[in-house]
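Novice: Sequence plus the predicted model coming up.
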Amino acid sequence: MTGQGIETGSGRRGAKGLRMHFLRKKTEEETILLTPFVDIVLNLLIFFAVTSQFDIASGVRIKLPQVPRSLRAGGEQSTVVIDSAGQAYFEGQKIDMKHLEQRLKSLVHEKGNLQLVLQADKDVKHGL
């Protein structure tokens, strides 16, 4: 038996013929850490809350007039734009206020129903 190792049950020979079995450590399960995730979500919430603009109602209660259904639907739409200098533009063309009034009256007389979109610069002076 010189030079031969002791045979184990598996039929393999080791350096000395014996096999050592070590205990394996239990592997930790991979988990998602929630603390960093919650921190990021809260930071995003704070960021959007601080940078948002809120439209706060004035608190004044008013009763809006009722519009007949015939006036709500249909009709031609025209646009009047007033720039910061007070100059009016009707359908993209420069027009003075006197001619604008005449033009709108004639359109209402022709069409019967006209939807007017008024776009004015925030610096335009107006009165009540």
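Specialist: Thanks, I have it.
Novice: got the buried residues for the helix or strand containing Gln102?
Specialist: Counting by DSSP states H and E, the element that carries Gln102 is helix 97-111. Neighbour-count burial for helix 97-111 flags 103, 107 (criterion: 16 or more other C-beta atoms under 10 Å). Where you see a C-beta, it was placed from the backbone N, CA and C, and this is true even at glycine.
Novice: What ranges does the protein have for its strands?
Specialist: Using DSSP state E, the strands found in the chain span residues 76-82, 88-90, 93-95, 114-120.
Novice: and the helix holding Gln102, what other elements does it pack with?
Specialist: Under the contact criterion of 3 or more C-beta pairs under 8 Å, 6 or more residues apart in numbering; DSSP states H and E, helix 97-111 touches strand 76-82, strand 88-90, strand 114-120.
Novice: what's the angle between it and strand 114-120?
Specialist: Between helix 97-111 and strand 114-120, the angle comes out at 150 degrees (axes from the mean of the first three to the mean of the last three C-alpha atoms, to 10 degrees).
Novice: tell me the angle helix 97-111 makes with strand 76-82.
Specialist: 170 degrees.
Novice: Go through the strands of the chain and pick out the most buried.
Specialist: Sort the strands of the chain by mean neighbour count, taking mean count of other C-beta atoms under 10 Å, and strand 88-90 sits at the top with a mean of 17.
Novice: And the average pLDDT for that strand is what?
Specialist: Taken as a whole, strand 88-90 has an average pLDDT of 88.
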